[in-house]
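Peer 1: For reference, the sequence and a predicted model appear below.
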Amino acid sequence: MSRISNAYRLHRWAAVIVTGLLLAGSAAHASNITVANVTLVPASATESFIQFDIAWTNSWRTMMKADGASVESWDAAWVFVKHHPIKDDAPWRHAVLAKDGHQAPAGATITVGTSEMTNGAAFGAGVFINRSAVGETGPNDWKGVKLRWLHDGGPMSTNTMTLEVIAIEMVYVPQGAFWTGDGLKNRYRFTQTQITQGDPTKDGGRPVGTLAPENGNALWPNGFNGFYCMKHEISHRNYLAFIKANKAATFEYTSYPPRKDLDAPENPDAPRPWLSWNDGAAFAAWAGLRPMTELEFEKACRGPVAPVANEYAWGTTNKLAVSSAAAAVSNLVANLAPNSGLSREQTGASCWGILNLSGGLWDRVVTIDNSTSDPADKGRQFRGTHGAGTPVLPADWPDKSGNGAGFRGGAAGLAPAHMGASDRYSAAYANGSRGARNGFRAVRTAP
């Protein structure tokens, strides 16, 4: 059996704020992804170009062979923009980007991701920026990216408003068949099934013996179609920016005395613990992303390769790879450059280079298997709607209580069995509270 082996380095989030007459900001960066030199280039009274530079190291776009199949994957930055009147204390607003007309520098590709407004109209919620050439690895350093911004309130000027460009690193998980379950029958695992098509209401679209989504819901994301997944769980830096932008204590963990590890973390780029389902889901909605389903979780772990019984996200049963709880929680199990010779087991990376899917903090997922006797269940009603740039959860998502959501991937300090790529012991455990081991990772259906 062939196994995909690629290694990647830790990246995070970057943001640049432009205020007043300052058209170039200083980058607030995490790890080595940076956004810099943001400027506003007026085009007309109703639109402008937002120009900036973006860079990160150890990027890739490669063809990988697994079990006789060739699959292409790449990393990307999901970039979206927030704006805010300087003299207004209201929450930051999400910039409406055009569906076309953006300008990518040489070597880069820009793809628009749309969301729906409350009136049902689609708008550009953000863009994916990634390498355009297959077979390339190494650093990206792109100058003069231009995003076409459609004003939603007349002419815009940096004399009167603050502008923030935000980038979150993602990994593309391509369309194609994959396996759920690993052949074992304990701990509520799925029956080992190959998912061969994108309709979860039909055979080959969900694990054998699993209930179909509610009311013939063929839009439930079963993992067959392509999607982008965050490389890492939401970090302190991500989440503190979210709280600041929304000026809302609703999403803030409060205690007395205040917790310095959350309010002023020593490592702002470590995964953020103590997130409830609503905290993480609200962040995803605000960023124009969505929660992932538990079938997408398994595909994010193992890709198209056949499963190994009791395997972790890095494709083996060796738990020594990330046995250090401290390293797992603080995300210090760093990946080195592609082709470094390190295996997935040595780096803790999934098939696609996604980190911390086993161990670290729990990942929250939308479950497909809540009991039909529970009238509040929302797991199988999920349609994969993307957030519209506000913290308001779309109607089809599991609600604030977490009903219809669960936990996958385990967490540091728990029994290793929870970390298995196919372990479902807590997959349908509806829990809306905050917990020391609870993180969150968002995804987006590929355009």
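Peer 2: Great, that's in hand. Numbering: from 1, shown residues only.
Peer 1: quick one: contacts for residue 72?
Peer 2: Applying C-beta atoms under 8 Å, 6 or more residues apart in numbering, we find residue 72 in contact with 61-64, 134, 174. Yep, even glycine has a C-beta here, placed from its N, CA and C like the rest.
Peer 1: Which strand residues bridge it?
Peer 2: Taking DSSP bridges, one obtains residue 63 as the residues bridged to residue 72.
Peer 1: one step back: top of the contacts of residue 72 by neighbour count?
Peer 2: Neighbour count (other C-beta atoms under 10 Å) singles out residue 64 as the most crowded of those, with 21 neighbours.
Peer 1: Am I right that it is in contact with residue 71?
Peer 2: Yes: checked against C-beta atoms under 8 Å, the pair residue 64 and residue 71 is within contact range at 5.5 Å.
Peer 1: Give me the lowest-pLDDT entry from the contacts of residue 72.
Peer 2: Checking pLDDT across the contacts of residue 72, the minimum falls on residue 64 at 79.
Peer 1: ok, back up a step: ok, of the contacts of residue 72, which one's closest to residue 199?
Peer 2: Minimum distance to residue 199 across the contacts of residue 72 is 18.1 Å, recorded for residue 174 (C-beta to C-beta).
Peer 1: Tell me where the model's unsure across this protein.
Peer 2: Judged by pLDDT under 70, the chain has its weakly predicted residues at 1-32, 66-67, 88, 118, 153-159, 248-249, 253-258, 260, 320-343, 370-376.
Peer 1: how near is residue 426 to residue 414?
Peer 2: 10 Å (C-beta to C-beta, to the nearest Å).
Peer 1: Pull up the overlap in contacts between these two.
Peer 2: Taking C-beta under 8 Å, 6+ apart as the contact definition, residue 426 and residue 414 share no neighbouring residue.
Peer 1: who's more crowded, those two?
Peer 2: Neighbour count, other C-beta under 10 Å: between residue 426 and residue 414, residue 426 has more, with 19 against 15.
Peer 1: what are the phi and psi values for that one?
Peer 2: Dihedral angles of residue 426 (phi, psi; degrees, to the nearest 10) stand at phi -120, psi 20.
Peer 1: which residues sit in contact with it?
Peer 2: Shown here is residue 426, whose contacts under the criterion C-beta under 8 Å, 6+ apart are 362, 406-408, 418.
Peer 1: Neighbour-wise, give me the winner out of these.
Peer 2: The most crowded member of the contacts of residue 426 is residue 408, carrying 30 neighbours; neighbours defined as other C-beta under 10 Å.
Peer 1: could you check the distance from it over to residue 189?
Peer 2: As for residue 408, its distance to residue 189 is 12 Å (criterion: C-beta to C-beta).
Peer 1: Overlap of the contact sets of those two?
Peer 2: When contacts are counted by C-beta under 8 Å, 6+ apart, residue 408 and residue 189 have 423-424 as shared neighbours.
Peer 1: just checking, residue 79 is part of a helix?
Peer 2: No: when the secondary structure is assigned by DSSP: H, G, I helix; E, B strand; the rest coil, residue 79 falls in strand instead of a helix.
Peer 1: I'd guess residue 278 is in a helix, am I close?
Peer 2: Yes: judged by three-state DSSP, residue 278 forms part of a helix.
Peer 1: so what's the closest residue to it other than its chain neighbours up against?
Peer 2: Nearest in space to residue 278, with sequence neighbours left out and distances taken as C-beta to C-beta, 6 or more residues apart in numbering, is residue 400 at 4.3 Å. Contacts here follow C-beta under 8 Å, 6+ apart; on that basis residue 400 touches 277-278, 393, 432.
Peer 1: Now with 10 Å, please.
Peer 2: With contacts defined as C-beta atoms under 10 Å, 6 or more residues apart in numbering, the neighbours of residue 400 are 276-279, 281-282, 393, 432.
Peer 1: Return the distance of residue 417 relative to residue 93.
Peer 2: Separation of residue 417 from residue 93 (C-beta to C-beta): 45 Å.
Peer 1: Neighbour count: the two, which is higher?
Peer 2: Shown here are residue 417 and residue 93; by other C-beta under 10 Å, residue 93 has more neighbours (18 against 13).
Peer 1: Across the sheet, point out what pairs with that one.
Peer 2: Here residue 93 sits in beta bridges with residue 83, going by DSSP bridges.
Peer 1: shouldn't it be in contact with residue 149?
Peer 2: No: with contacts counted by C-beta atoms under 10 Å, residue 93 stays clear of residue 149, the gap being 11.6 Å.
Peer 1: what's the overlap in contacts for those two?
Peer 2: Contact with both residue 93 and residue 149 is made by residues 81, 83, according to C-beta under 10 Å, 6+ apart.
Peer 1: Strands of the stretch 251-400 of the chain, start to end?
Peer 2: All strands of the stretch 251-400 of the chain, identified by DSSP state E, counting those that start in this stretch, fall at 290-293, 363-366.
Peer 1: Pick the one among the contacts of residue 72 closest to residue 120.
Peer 2: When these are compared for distance to residue 120, the smallest value, 29.3 Å, is given by residue 174; criterion: C-beta to C-beta.
Peer 1: and that closest one, what is it in contact with?
Peer 2: Under the criterion of C-beta under 10 Å, 6+ apart, the contact partners of residue 174 comprise 64, 71-74, 225-227, 299, 303-304, 352, 446.
Peer 1: let's see 6 Å
Peer 2: When contacts are counted by C-beta atoms under 6 Å, 6 or more residues apart in numbering, residue 174 touches 71, 73, 226.
Peer 1: Drop anything exposed from these.
Peer 2: 71, 73 (16 or more other C-beta atoms under 10 Å).
Peer 1: Between the contacts of residue 174, which sits nearest residue 34?
Peer 2: Closest to residue 34 out of the contacts of residue 174 is residue 73 (23.3 Å), distances taken as C-beta to C-beta.
Peer 1: so what's residue 299 up against?
Peer 2: Residue 299 makes contact with 178, 223 under the criterion C-beta under 6 Å, 6+ apart.
Peer 1: repeat that for 10 Å
Peer 2: 173-174, 176-180, 195, 222-224, 227, 229, 292-293, 350-352, 421.
Peer 1: Name the residues linked to the closest residue to residue 102 other than its chain neighbours by a beta bridge.
Peer 2: Leaving aside its sequence neighbours, residue 102 sits nearest to residue 110 (C-beta to C-beta, 6+ apart; 4.7 Å). Legend: beta-bridge partners of residue 110 under DSSP bridges are residue 129.
Peer 1: what about the spatially closest residue to residue 396 that is not a sequence neighbour, neighbour count?
Peer 2: Setting aside the residues directly before and after it, residue 396 is nearest to residue 383 in space (C-beta to C-beta, 6+ apart), at 4.4 Å. Other residues near residue 383 number 16, with proximity taken as other C-beta under 10 Å.
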